[in-house]
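# Sequence first, predicted coordinates after that:
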Amino acid sequence: MVFRYLSSFFLILILAAVSYAMLPMGHEGARWGMSVDELKRISGDLVQADNRHKFYFGEHFETEPDVYYREKGKEERVEYYFYKGRLYKIFIIYDRELYETSFYEDLIKKAKDSYGAPKDVFEEKTFGLRIFHALWDDGETTLDIRKGAGFIFQVLAQKSVASEKEKAKKKGKGI
């Protein structure tokens, strides 16, 4: 009798795990917590962004950014954000020529097929521009697919580190 209850319990746990798709913990070999040197070994062609000009990279509100990027052809730029020397956020920025509703909708559909419905869908205004968001969150990683300001972005972030950085910023501590 106890065996039957235990086996039913484990079956439910397994089914729940199978039906719940985890978000990626990075992008194309880059994983949360990697150092710049580790990322350079797998990516090779990284360039450090000029952080003296806040519009040189996708996350304009980033505090004391440590950002590296690589171009993937003319259609895509991948930016890697580091905090305390470790990777915690990745921006995938698509070229303005791809700024079409159908391209954005295709990205949303692929994400829904892989991870289920987004946790939140909303619109915000930044610098007076409308930005549309579709947000997934699995507790460890967030995926925010954004459209606005003439660009389409996919933003992956390690949730715990992004939260830690935001708390440090609010306390006025150096990042």
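Now that the structure is in, tell me what you want to look at. Predicted model, so just to flag it, every value in this text is computed and none were measured.
# Show me which residues of stretch 32-49 are buried.
32, 34, 36, 39, 43, 46, 49 (16 or more other C-beta atoms under 10 Å). (Each C-beta comes from the backbone N, C-alpha and C, glycine too.)
# Just give me the closest of these to Trp136.
Distance to Trp136, by C-beta to C-beta, is smallest for Trp32 among those, at 15.7 Å.
# And the buried residues of stretch 32-49, which is closest to Ser114?
For the buried residues of stretch 32-49, the nearest to Ser114 is Trp32 (18.2 Å; C-beta to C-beta).
# What sits closest to that closest one if chain neighbours are left out?
Among residues not flanking Trp32 along the chain, Gln158 sits closest, at 4.2 Å (C-beta to C-beta, 6 or more residues apart in numbering).
# For that neighbour, give me its contacts.
Residues near Gln158 by C-beta atoms under 8 Å, 6 or more residues apart in numbering: 25, 32-33, 87-89, 140-141.
# Mind checking which of those residues are buried?
Among the contacts of Gln158, the ones that count as buried by 16+ other C-beta under 10 Å are 32, 87-89, 141.
# Turn these into TSV, including secondary structure, distance to Thr101 and pLDDT.
Output for the buried ones among the contacts of Gln158, formatted as TSV (DSSP: H, G, I helix; E, B strand; the rest coil; distance: C-beta to C-beta, whole Å; pLDDT from 0 to 100):
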residue	secondary structure	distance to Thr101	pLDDT
Trp32	coil	31	95
Leu87	strand	31	94
Tyr88	strand	30	94
Lys89	strand	26	94
Thr141	strand	26	95
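# how much distance is there from the helix or strand containing Glu79 to the middle of the chain?
Using DSSP states H and E, Glu79 sits within strand 76-83. Distance, stretch centre to chain centre, for strand 76-83: 9 Å (C-alpha atoms, centre = their mean, to the nearest Å).
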